[in-house]
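# Sequence first, predicted model second:
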Amino acid sequence: MIFAQDSYILKGTVTSGADNMPIPGANIIVVGTTKGASTDFDGNYQLEVKSGDVIQFSYIGYVTQTVIIEAQKTLNVKLAEDTNTLDEVVVVGYGTQKKSHLTGSVSKVKNENLDQIAVARVDDALIGQVSGVNIQATSAEAGAAPTITIRGFGSIAADSGPAVVVDGIVVSSDFLGSLNMNDVESFEVLKDAASAAIYGSEGANGVILITTKSGKEGKTKFSYDTYTGWKEAFESDDYKKSVSGWAAQELAATGELSNTTQYAQLLVSTLGVDRDWQEVFFDGGVITSHSFSARGGTKDTKFSASLSFLEDEGVVITDNYKLFTGRLKMDTKLTKNLKFGINATPSYSKRRALPTSIHNPLRQSPWLPIYHTEESLQFVNQDDPNDNYYFPDVKVGDYFEEDHLRNLDVNGDGSRSRPRTTGDSNAYAQYVEREHYEYNTKLLGSTYLQYEILDGLKAKTSLGVTLDFRKRTRWDGTKHHGDGASRAGYSLQNRDRTRVISDNTLNYSKAIGNHEFDVLAGFSVQSRTTDQSQIEGSGYSNDLLKNLEGATLYSEIEEISLVRRKIGYFARVNYAYADKYLLSASFRRDGSSVFGVDSKWGNFPAVSVGWNISKENFLRDSDFLSNLKLRFSYGLTGSENFDTGNDITDVWPYLALLDNNNAITEGGVTAGVSALNIANALLQWEASEELNPGIDFAFLNNRISGSVDYYKRTSDKLLLENPVSYATGFNSGIVNLGEVQNSGWEFELRTKNISKENFSWGTTIIASTNKNELLSLGDSDGALLEDTFSRNSQWINSVGNPISSFYGYVVDEELAYEYYDSPWIPINGASEDVIVKDLNGDGLITDEDKTILGDPYPEIVWSVSNEFRIFDFDFSFMIQGSQGAEVKNIGDQYFGTFWQGATTSPQAVVDAGIIPHTSFLQQRVHTDDVISSAGYFSLRNINIGYTLPETVTSRLGIEKLRVYATAQNILYITSDDYKGFNPEFVDDDNPRAYGAQRGGTPIFKTMSLGLNVNF
């Protein structure tokens, strides 16, 4: 007994049972204690033990082994490879595949801590998680969808977003906003065409596969997950306004203050207001999430159920989003060979959207109060009906508008007028007096039957239904604009969308010696219907009835019903020989109702090969190399989704369609129709061809692993609107024209830097590049497009350059402020004109002096993540960034309200020798002065958590309890030349004129506290 209590040093070596190679970093612990050790580079260890101790040996990728000590002084252990880890299963189209047998470019992201990131949508949590996938917060409103592109924009008029598949059912990307992250098990992203081609036209821009959590055999386990976060917007120093700051700037430049600036100082001293409107509008908000789930089952029946609630208040006043989600998933064996499953995910959301872009209210003067007071009324003309700006009814408590002061004799010359920033209503009123709501009720439901005909031969039929009922109401109150009740209005839009998909497959898997086969054949039938109606009301005299009941006039009455149908036949063969030589080939043929009889069908073949070099005999015994796989893929995908601006044309573009052309006369309504489009019976599938060589590697017993991919995707027969002769009666018609190429590199590196029992550290580095180039555009080469903001800013689509390239003049120098009328009006104003360069040297500025000024596409998107575990604490962070993209910041013209006109005339500037010709003065908004870098560097996520020891939770009757704190965007650095609120924001998603913004919702940081409880 005395001997048994004596401790001594146990020594030994830990090796791999497969190749007898030492395992460095293996963990050895004395079970039930805190004593432990780890092996050195040669697999050696030593540990203080005593007889009767139970020693546990473990290492990632190997089966854990325990040994009872019986006084031995040396103990050598061989760990068996954990085949479940080595042959991790990855979800692919219509099935699964061993990760070691993948020959395409597929990335998997497990939900290990994504559900702790305080975001309203699951796609927001994927930022920086997958190479080749760019997720931009193009709208930072609460609940708004980001823009997701996989390997760049491959189209001009067609949809460039990826397909989304939830538990095998293709759904609209809108459903990413209806899922609860706590229900998600993993994401698989099919990036190359060979992987996505099995989905045919659905996979034209990549596929995001989402697998939700399932129940497991055993006692039912419950979990409760919650967090509360506080959000704060990043403001723009370049757009901050104050009378005091402007006066100091003017005084330093001129030595005196203009009458208008002096009057602004008087207003500030009288009214007590000198504010930056960002402080009013960017009020911050709270995001809260609650999720409760139950999972369990028996050997034959397993279930998973959950309920969740999320509310996000956004960071701009009136912004708000609420989401209620439920879920039930059940799988059961009806007989020995027959399985049945059902999955239902209902959701309901209510969102109060921002009623207008933030550029409108934020450009107003800093001295402007929100409401009138007794002091402010003295400046308002209430007793001169002959004045153009006569406001007899303004009273204390009314909104203060800039126009209320336009009757003032600011300059002392009797003109009784004052330059203004805008004629719109009070900035605050533009938001609070408008109520724009969106209500969404959705259901994703699916069911399947699977029958095992023979060993390895399975037949499966599934039916998926997605229902999406959306109601939009837009109320603009009588006080939201300076024109009063005449601008009040209400609109109602209802949209019901239904998608029904039936997938039917026959799958055979068999291993014969060194040969492994997996054969799939099937067909898919799909129907999508959309019913949409709208009506607008006007003629409101008050805000008592904020609906159609209060309207006296009705307009924009519309009702349409759209149907799209598609059928697809597909087959795939996966083959592996001795786990070394891999082959995958697939073919899909889709028929779509969008195209005419002669071009209805599209064929999408794909093939990929792989070579597991590390399985070869000459590398099997390598001490350094753990895995090396070469792969190459080639595939075709296609697209049928395009946007002409008219929903009916998008569904039946090959037909000659008619549009309502009713005329309202004194006698009533006269019925009439007009041609809606130019029919194109030859219109066909947009096609994409992609090549993708890649390498997967791992070293030092998988302590270092990763992949490198190169891709080149060429999209031709682009679906786009092309100009046509006016003799046709139309400006344009949809055709197949042009070719776009995207190419780039993707890099993923994962390292297990330290792996000990009580301390581990892992790093992940992800980077991807992309080059977008227009290869051909027929007679539309060089086509110019203008912005939709009436600023005449231009884009060019030119062969040899990226689609959507910015176009305009290059600034040479600024014209001195003394050459302008009233250059210090308004506050933060800037000159409208600048001197531009004569690029062709002809002495004049013409369109020939315009050039490409940049493009909106990033050259590299990257992230670096680190994860640490120290005893019961865990800590992780991600830094993430994007470089190379540019943005056309048209918001500068709004926020600066550019000065108008030269002091004498443009000719005077010529005579002074400043410029050789008046044409050298061009509007700033048409030059590279409004082009700035959209690059950024962010500390995207930080997470620190503490898990209570099992000795504590067991006494509380809890299986696991973890508390944590997280932060997102705690640091967000933009380029020095960027002036806006969010370099990722895009104000107009037209793919041919992409990358403009007029301010936009701001990037924000979030700090949150959370709790995970399992019991």
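Cool, got the structure. Source: prediction; values computed, not measured.
# Every contact and neighbour count from this point should use C-alpha atoms.
Fine.
# Tell me where the model's unsure across the stretch 151-300 of the chain.
Scanning the stretch 151-300 of the chain for pLDDT under 70 picks out 157-158.
# Helices of that one, residue ranges please.
Taking DSSP state H, counting those that start in this stretch to define them, one finds helices in the stretch 151-300 of the chain at 193-196, 243-254, 259-271, 278-281.
# Among those helices, single out whichever gets nearest to residue 333.
Between residue 333 and the helices of the stretch 151-300 of the chain, the shortest separation by C-alpha to C-alpha is 30.6 Å, and it involves helix 193-196.
# next one: that closest one to chain centre, how far?
22 Å (C-alpha atoms, centre = their mean, to the nearest Å).
# and it, what other elements does it pack with?
Helix 193-196 is packed against strand 601-612, strand 625-639, strand 686-699, with contacts defined by 3 or more C-alpha pairs under 8 Å, 6 or more residues apart in numbering; DSSP states H and E.
# Between the ones you listed, which one is closest to residue 240.
Nearest of the helices and strands packed on helix 193-196 (C-alpha to C-alpha): strand 625-639, 45.0 Å.
# so where do the strands sit in the stretch 651-800 of the chain?
658-660, 663-665, 668-670, 673-675, 686-699, 704-716, 719-723, 732-736, 739-755, 759-769, 771-776, 783-786, 794-797 (DSSP state E, counting those that start in this stretch).
# do the same with the stretch 351-500 of the chain
Using DSSP E, counting those that start in this stretch, strands in the stretch 351-500 of the chain cover 434-454, 457-476, 489-512.
# Could you identify which of the helices of the stretch 151-300 of the chain is most buried?
Ranked by mean neighbour count, these are led by helix 193-196 with a mean of 32 (mean count of other C-alpha atoms under 10 Å).
# Output it as PDB, nothing but the C-alphas.
Provided in PDB are the C-alpha atoms of helix 193-196 (Å, rounded to 0.1, in the frame of the first residue of the first chain):
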ATOM      1  CA  ALA A 193     -18.500  24.900 -62.000                       C
ATOM      2  CA  ALA A 194     -17.700  21.200 -61.700                       C
ATOM      3  CA  SER A 195     -19.100  21.100 -58.200                       C
ATOM      4  CA  ALA A 196     -22.100  23.300 -59.000                       C
END
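# Give me the contact list for it.
Helix 193-196 has contacts (C-alpha atoms under 8 Å, 6 or more residues apart in numbering) with 92-93, 104-106, 190, 203-204, 206-207, 586, 605-608, 633-637, 689-691.
# Tell me the first helix or strand C-terminal of the helix or strand harbouring residue 9.
Under the criterion of DSSP states H and E, residue 9 resides in strand 8-16. Next helix or strand after strand 8-16 toward the C-terminus (DSSP H and E): strand 27-30.
# Partner strands of the helix or strand following that following strand and their direction?
Heading C-terminal from strand 27-30, the first helix or strand you meet, by DSSP H and E, is strand 36-38. Strand pairing for strand 36-38, using DSSP bridges, gives strand 27-30 (antiparallel).
# Quick one: distance of the strand it pairs with to the chain centre.
Centre-to-centre, strand 27-30 and its host chain are 44 Å apart (C-alpha atoms, centre = their mean).
# And stretch 181-197, by the same measure?
Using C-alpha atoms, centre = their mean, the offset of stretch 181-197 from its chain centre is 15 Å.
# Out of the helices and strands in this protein, which is least certain?
Lowest by mean pLDDT, DSSP states H and E among the helices and strands of the chain is helix 83-86, with a mean of 51.
# Thanks a lot, catch you later.
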